[in-house]
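With the input below, show me the fold.
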Amino acid sequence: MYAPPRPRSRAPSPLPPFAPSLPPQTPSDNGLHYRRPTSSNEFRVEKVGRSPSAMGHRSGSTLPSEPSYNDEAAYRQRVAALNAARDRQFATTGHIVVDSTQLVLFFRSKSGISQALDFPIDVDYNSPPALDVLVTACRPHQTSDYNGYMDRESLFYPPTLPLTTSLELANFPILDAVRSSLFPNLPPGSYLTAMKDKLELLLDGGRLERQPAHLRNDGRAATVIITLPVHFQGGALIVREPSGAQERFITKSRGEGDLEWVAFLANCDYETEVVDKGYRVMISYGVYVRSFSPEGAIKFECLSVPTDAFFDALAPIMNLSRGRTVGFYLGNDYLGVNPSLVTADKLVPQLKAGDYLLYHAFKMYKLKVDLHWTAGEYFWPTDRLVELDGEDIAATASSHASPRMPTGYPGSINTPANRPVPIPAFGGGYPPVGIYPIPPGSAAQPIEQDPLRLKVEESGGKLLSEANLTVLTDWNHTANAGAVERVPFISHGELKKFVVNVLLVVFIP
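From the prediction side, this is the model:
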């Protein structure tokens, strides 16, 4: 007899035995699997999660095919023009949200009477008397073409008369936008300031002639022009670069609750087209680049100085640490810093919050303060980088432990169990050797990290104990130090990241 045929199943077919299986995903930050060290004196290493392509997972989606163009040369020319426009930013624009009814312009007339001009204004419906007084107080622009445009002259408010506005530029992120657009490579420690330049007014049928860059030769880096809320049509602003490129900004007000601003570099010329209707009132600001010196605490040129209460907390530490070299972990993170490319002292202009106060507090005592890369119980000299080459450290390291395996002895900040001993807030000294017993299995625990220890020593890492360097930490606070940076390396064929901190070191005589 024959067996009856089996019915066809509608269930999905089982996966073949060789099908790749995806590992379970664990919640982590940025795809990093973080393993907390058992002791803060050990190296911190983070594992990097593998991408789906590395695990054999393939997506069914395909990239779109390239479009075909009849004229490939024209297409390449357009691409080159787009890249040039992206890489050569000389002007930018934006809007700020402002309640126009709260905006007031204060000025003084020729007769010495103070005036206040309220906004918004539409001269076709209601022209306030203060606007007529402002027009009377203005002078014809020095660049007006009297022969060709007698009825289209531009006006400006005399710089000898006081002028102010309730619009505070510091209350809006205009300078941040200018920095990110026009000064993306501004060095750390530099900042932008703005100073009111002048008020320009274009009447109906008027235009502003070309304003050369040499007329603003006062050391500025850029110019910001804000259009006040007075209704007008036409009068587009044109900005030209010395190479001949130009940008045309047509006022696109999105309502009475916002103001449009335009910023351009100091070497640019600008002008406006004819105002077809209404008045265009513009107020300009000069933007200047300022910087504070890393040594500014001695010259009193830093942005802020520590308070008296901060010095009261620091004075006992300095009295009890005489003759010692002490260190403090930085408490803030600083992005965009690679310890394998730059030294730690490059962070000085970027110091912030408590790190900034502590650094400049020591500087005001005229002490030499250095920043060092540090990891575990090692630190790097100021002129050394944390260099871990691209080779597998496990394949190149020897099988025996490092000959410089630290052992506890008086004067060291490390106990026999490789555990850091925080120094009390005021005095206290070092605990005696052997106060912390060696836990079972601790002798075999660092064997896995011996290749990394050897690589650290090859890159110039020094033991904190050999340098008689005392790290001052909070006795009751065991959290990890801030200023965390990461250096990638390969171990056993797996990509990992070596966690590095920053140590502020100062010798107190």
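
Sketch out the low-pLDDT regions of the stretch 201-350 of the chain for me.
Low-confidence segments of the stretch 201-350 of the chain, defined by pLDDT under 70: 252-256, 292-303.

Going by neighbour count, list what's buried in stretch 234-249.
Buried residues in stretch 234-249, counted by 16 or more other Cβ atoms under 10 Å: Gly234, Gly235, Leu237, Ile238, Val239, Arg240, Glu241, Glu247, Phe249. The way it works is simple: take the backbone N, C-alpha and C, and place the C-beta from them, glycine included.

Turn those residues into TSV, columns for secondary structure.
Shown next, in TSV, are those (DSSP: H, G, I helix; E, B strand; the rest coil):
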residue	secondary structure
Gly234	strand
Gly235	coil
Leu237	strand
Ile238	strand
Val239	strand
Arg240	strand
Glu241	coil
Glu247	strand
Phe249	strand
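
Please tabulate the residues you listed in CSV, including the columns distance to Ala194.
CSV is the format used below for these (distance: Cβ to Cβ, whole Å):
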residue, distance to Ala194
Gly234, 28
Gly235, 23
Leu237, 18
Ile238, 22
Val239, 18
Arg240, 22
Glu241, 22
Glu247, 21
Phe249, 19
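
Looking at those, which is nearest Asn338?
The nearest member of the buried residues of stretch 234-249 to Asn338, counting by Cβ to Cβ, is Glu241 at 34.0 Å.

neighbours around the residue lying closest to the closest one once chain neighbours are set aside, how many?
Excluding the flanking residues, the one nearest Glu241 by Cβ to Cβ, 6 or more residues apart in numbering is Phe90, at 4.8 Å. When neighbours are defined as other Cβ atoms under 10 Å, Phe90 has 20 of them.

Got the confidence number for Phe90?
Per-residue pLDDT puts Phe90 at 91.

ok, now which ones touch it?
Contacts of Phe90 were listed using Cβ atoms under 8 Å, 6 or more residues apart in numbering, and they are Leu182, Val239, Glu241, Ala245, Glu247, Phe264, Leu265, Cys268.

which two from these end up farthest apart in space?
Farthest apart among those by Cβ to Cβ are Leu182 and Ala245. That separation is 14.2 Å.

those helices in this protein, which residues are they?
72-87, 129-137, 174-182, 296-299, 308-320, 353-364, 393-396, 450-458 (DSSP state H).

So for Tyr157, which of the ones you listed sits nearest?
Nearest to Tyr157 among these is helix 129-137 (6.6 Å), distances taken as Cβ to Cβ.

can you tell me the average pLDDT over the closest one?
For helix 129-137, mean pLDDT is 92.

Going by neighbour count, list what's buried in it.
Using 16+ other Cβ under 10 Å as the test for burial, helix 129-137 gives Ala130, Leu131, Val133, Leu134, Ala137.

That one packs against which elements?
Packing partners of helix 129-137 (3 or more Cβ pairs under 8 Å, 6 or more residues apart in numbering; DSSP states H and E): strand 104-108, strand 114-118.

Quick one, which of those strands gets closest to Asp345.
Using Cβ to Cβ as the measure, strand 104-108 is the one of the helices and strands packed on helix 129-137 that comes nearest Asp345, at 47.8 Å.

So what are the sheet partners of the closest one and their directions?
Partners of strand 104-108 in the sheet, by DSSP bridges, are strand 114-118 (antiparallel), strand 163-165 (antiparallel).

Give the pairing partners of the lengthiest strand in the chain; include direction for each.
Looking across the chain with DSSP state E, the single longest strand is strand 494-508. Paired neighbours of strand 494-508 in the sheet (DSSP bridges): strand 45-48 (antiparallel), strand 324-329 (antiparallel), strand 369-375 (antiparallel), strand 485-491 (antiparallel).

Gly323 is in contact with Pro509, isn't it?
Yes: between Gly323 and Pro509 there is a contact under Cβ atoms under 8 Å: 7.1 Å.

one step back: quick check: which of the helices and strands packed on helix 129-137 has the most neighbours on average?
Among the helices and strands packed on helix 129-137, strand 104-108 has the highest mean neighbour count (mean count of other Cβ atoms under 10 Å), at a mean of 18.
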